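build me a model from this:
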Amino acid sequence: MLAIKRVPTVVVSDDQNDSSARRGCGRNCLGKCCMPVSELPLYAFKTDASPVVSPGADELPSDFFLNTLLLGQWEDRMSRGLFRYDVAACETKVIPGKHGFVALLNEGRHLKKRPTEFRVDRVLQPFDPAKFNFTKVGQEEVLFRFEAGEDHKSQFLERAVAGETESPSVVAINVSPIEYGHVLLVPRVLDCLPQRIDPESLSLALHMAAEAGSAYFRLAYNSLGAFATINHLHFQAYFLSAPLPVEKAAARKIPIENGSLQSRVKLSRLVDYPVRGLVYEGRSTLKELSDTVARSCIWLQENNMPFNVLISDSGRRVFLFPQCYAEKQALGEVSQELLDTQVNPAAWEISGHMILKRKKDFEQASEDYARRLLSEASLSEARFEEVVKACMHEAHRP
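Prediction:
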């Protein structure tokens, strides 16, 4: 079984919540009524453009962001009873076999998770303020703001006022968690962006992975049609102290057709993995990597092709999975045996972390089951080749 570690908690004052509740709508939410007058903790990260300097006495400890701040504040919210169930009580095991799929029994998420409120056959859909979105979340669920800093080092402020002109990016708990430390990164929350990747938002997610600095902390993205359940731009992240099967899978570099084209981002395709996917590895800055991956995501979005993203290796490696499970499900092409498990292969499942909702499925979990489920999400070789050609073009254009 996989163990959960405990971490120290950073004490953050709640005085600002009382103040903003009095001046806002009274619900202390993340909307335009309350956020501009709120004083939330702020973690300002060092950007690619920041100069490289030797660590000084006032530098934050290397494990501050992940262990002290993010996981410490997450545990604080757990102690307050803000989650819908105790994810720490969920059973976890590694499934015997070649890939080492990780199985998690999470019955609470199935029973208490918010239902999907939009069409699953359109990757791009306009933001609908009438449906659930993160501006309706209470500020008690927010751990801190996460934004680019202007200094040569990362900084933490216990209080920072958003102001009337800012649309802050926030890190909040997922009240229906999959794993330990499960949080949501919501870029520019007040702008009410739909679930649509752009270079700026992807860069923010890569920087979050880089600040965490742990191989066991990953971020993920699900597009509409690939089992995102909220049409308000967000990434998911959590801590799992085991390698994900996709991270161990072999990958073959895709040769550049035009030898004069050079890229500082290595592009490969997965080999002998149940889901066909692309692997992007940064060789220089996070900006170059995020820009390259974002161009591929934008192409998929504009061509109405659902996809999932996994950000791994502290932001240095990104997996991209175009997928078609919901399409096959709608066409009646998925077996009833797989449908009965009620498992939707989103980013975490495709990466090899199988979130199972029934105890019998957990007890009987096998590599054969995982491979069959994930294979249904994979594009055919012909369709995948079309994606590869398009992504190669996007990756290597100026």
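
and the closest residue in space to G149 that isn't next to it in sequence, how far is that from V161?
Of all residues not flanking G149 in the chain, A44 sits nearest, at 3.2 Å (C-beta to C-beta, 6 or more residues apart in numbering). C-beta coordinates here come from the backbone N, C-alpha and C atoms, glycine included. A44 sits 14 Å away from V161, going by C-beta to C-beta, to the nearest Å.

sorry, back to before: the residue nearest to G149 belongs to a strand?
Yes: assessed with DSSP: H, G, I helix; E, B strand; the rest coil, A44 lies in a strand.

now do the helices in the stretch 151-300 of the chain.
199-212, 245-248, 286-302 (DSSP state H, counting those that start in this stretch).

now the helix or strand just after the last one: buried residues?
Right, helix 286-302. As assigned by DSSP states H and E, the chain's next helix or strand after helix 286-302 is strand 307-312. Across strand 307-312, burial judged by 16 or more other C-beta atoms under 10 Å covers 307-312.

neighbouring strands - and their directions - for strand 307-312?
Its sheet considered, strand 307-312 pairs with strand 217-222 (antiparallel), strand 317-322 (antiparallel) by DSSP bridges.

give me the contacts around that strand.
Strand 307-312 is contacted from outside by 123, 197, 205-206, 209, 215, 218-223, 226-227, 235, 244, 246-247, 293, 297, 300, 317-323, 346-347, 350-351, using C-beta atoms under 8 Å, 6 or more residues apart in numbering.

before we move on, what about stretch 321-339?
The contact list for stretch 321-339 (C-beta under 8 Å, 6+ apart) reads 120-121, 225-227, 275-278, 300, 305-310, 344-345, 347, 350, 372-373, 376-379, 383-384, 387.

mind listing the residues bridging to the spatially closest residue to L278 that is not a sequence neighbour?
What sits nearest to L278 in space, not counting adjacent residues and going by C-beta to C-beta, 6+ apart, is L320, at 4.5 Å. Note on L320: beta-bridge partners by DSSP bridges are L278, V309.

residues near L320, how many?
Neighbour count for L320, taken as other C-beta atoms under 10 Å: 20.

what's the answer for A330, then?
When counting by other C-beta under 10 Å, one arrives at 12 neighbours for A330.

R119 versus that one, what's the distance?
Here A330 is placed at a distance of 11 Å from R119 (C-beta to C-beta).

on that earlier part again, with distance to L69 added, can I get the buried residues of strand 307-312 in TSV?
Listed next are those as TSV, based on distance: C-beta to C-beta, whole Å:
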residue	distance to L69
F307	30
N308	27
V309	24
L310	23
I311	19
S312	21
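
can you list the low-confidence ranges for this protein?
Residue ranges of the chain with pLDDT under 70: 1-24, 49-58, 108-117, 164-165, 257-263, 398.

on that earlier part again, thought the residue nearest to L278 was touching R295?
No: counting by C-beta atoms under 8 Å, L320 stays clear of R295, with 11.0 Å between them.

which residues touch P168?
35, 40, 145, 147, 162, 188-190.

redo that, cut-off 7 Å
By C-beta atoms under 7 Å, 6 or more residues apart in numbering, P168 lies in contact with 35, 145, 147, 162, 189.

same deal with E141?
By C-beta under 7 Å, 6+ apart, E141 lies in contact with 77, 82, 172-173, 175.

looking at these, which are in strands?
Counting by DSSP state E, the contacts of E141 place 172-173 in strands.

now, of the contacts of E141, which are buried?
Buried subset of the contacts of E141 (neighbour count, 16+ other C-beta under 10 Å): 77, 172-173, 175.

wait, which of those is closest to L105?
Ranked by distance to L105 (C-beta to C-beta), those are led by V175 at 19.0 Å.

ok, the closest one touching R80?
No: using C-beta atoms under 7 Å, V175 is not in contact with R80; the gap is 11.5 Å.

L185 and P243, how far apart?
Look at L185 and P243: by C-beta to C-beta, they are 22 Å apart.

which one's more surrounded, the two?
Neighbour count, other C-beta under 10 Å: between L185 and P243, L185 has more, with 22 against 15.

give the contact list for that one.
Residues counted as contacts of L185 (C-beta under 7 Å, 6+ apart) are 146, 169, 171, 204-205, 208, 219, 234-235, 237.
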